[in-house]
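with the input below, show me the fold.
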Amino acid sequence: MTVVRTERLVLRRWREEDIAPMAAINADPEVMRWIGDGSVRDIESTRAGIEAMERDWETDGFGLFAVELADTGEPAGFTGLAVPRFLPEVLPAVEVGWRLGRPFQGRGLATEAARAALRFGFERCGLRRIVSIAQVGNDASERVMAKLGMRPVLETVDPGCGRPVRVHEVTPAGAVLDTPT
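Prediction:
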């Protein structure tokens with residue numbers, strides 16, 4: 001089983017017991033405000049999403065990891081790699097993304113998790129370019145992207161919800177894969 005460890009986090013494949021904590025994160029309107037049309041998700045749509053994430057691992061050889069705190073095992077959300085099929089104009093591409101519950105935001109955990117996912121993508125999957133997509137106005141996610149060495153390359157509209165998005169990209173040469181000192 002694929003597991004990636006960082007100083008404070010464990011990134012791993014999904015388990016049945018992850019569904020309820022992830023559903024609680026997905027039910028928080030503040031967490032979901034920059035995802036699609038901002039709608040929250042219930043436990044059944046969360047279960048379906050996690051099942052889809054696991055299928056992606058089987059078909060693509062990479063996917064979105066469940067993220068937990070290393071010292072307590074507490075579920076914090078997810079990070080990882082996915083094909084951004086919702087935005088066909090950027091394909092072919094692989095996106096790094098993340099979603100953390102509010103108690104885990106503002107602590108550098110998204111950057112730490114996404115940095116580990118980038119390293120996984122470049123070093124273990126052999127990817128040569130990774131994108132990240134944020135709705136315009138989601139300054140927190142764009143700050144994470146900048147810390148990863150990503151640069152904006154395109155502004156467009158998410159066809160699924162009509163909201164403007166900004167696409168960022170990075171190559172192995174430009175990625176910040178170590179924590180700056």
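
next secondary structure element downstream of the lengthiest helix in the chain?
As assigned by DSSP state H, the longest helix anywhere in the chain is helix 43-60. Note on helix 43-60: by DSSP states H and E, the next helix or strand toward the C-terminus is strand 64-69.

residues of that following strand that come out buried?
64-68 (16 or more other C-beta atoms under 10 Å). Bear in mind the C-beta positions are built from the backbone N, C-alpha and C, glycine included.

check stretch 169-181 too.
Applying a neighbour-count criterion of 16+ other C-beta under 10 Å, one finds 169-170, 172, 175 buried in stretch 169-181.

just send the residues you listed back as TSV, with secondary structure too.
Shown next, in TSV, are the buried residues of stretch 169-181 (DSSP: H, G, I helix; E, B strand; the rest coil):
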residue	secondary structure
Glu169	strand
Val170	strand
Pro172	coil
Ala175	coil
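
quick one: which of these is nearest to Val83?
Nearest to Val83 out of these is Glu169 (C-beta to C-beta; 14.5 Å).

list the residues that contact that closest one.
Going by C-beta atoms under 8 Å, 6 or more residues apart in numbering, Glu169 touches 129-132, 150-151, 153.

repeat for Arg47
Contacts of Arg47 by C-beta under 8 Å, 6+ apart are 19, 23.

picking up where we left off before, what's the angle between the longest helix of the chain and strand 64-69?
Calculated by axes from the mean of the first three to the mean of the last three C-alpha atoms, to 10 degrees, helix 43-60 forms an angle of 120 degrees with strand 64-69.

helices of this protein, start to end?
Applying DSSP H to the chain gives helices spanning 19-26, 29-32, 43-60, 109-119, 139-147.

could you list the low-pLDDT ranges of this protein?
Along the chain, segments meeting pLDDT under 70 span 179-181.

same thing but 80
1, 179-181 (pLDDT under 80).

hmm, His11 is touching Ala117, no?
Actually, residue 11 is Leu. It isn't His. Yes. Using C-beta atoms under 8 Å, Leu11 is in contact with Ala117, at 7.0 Å.
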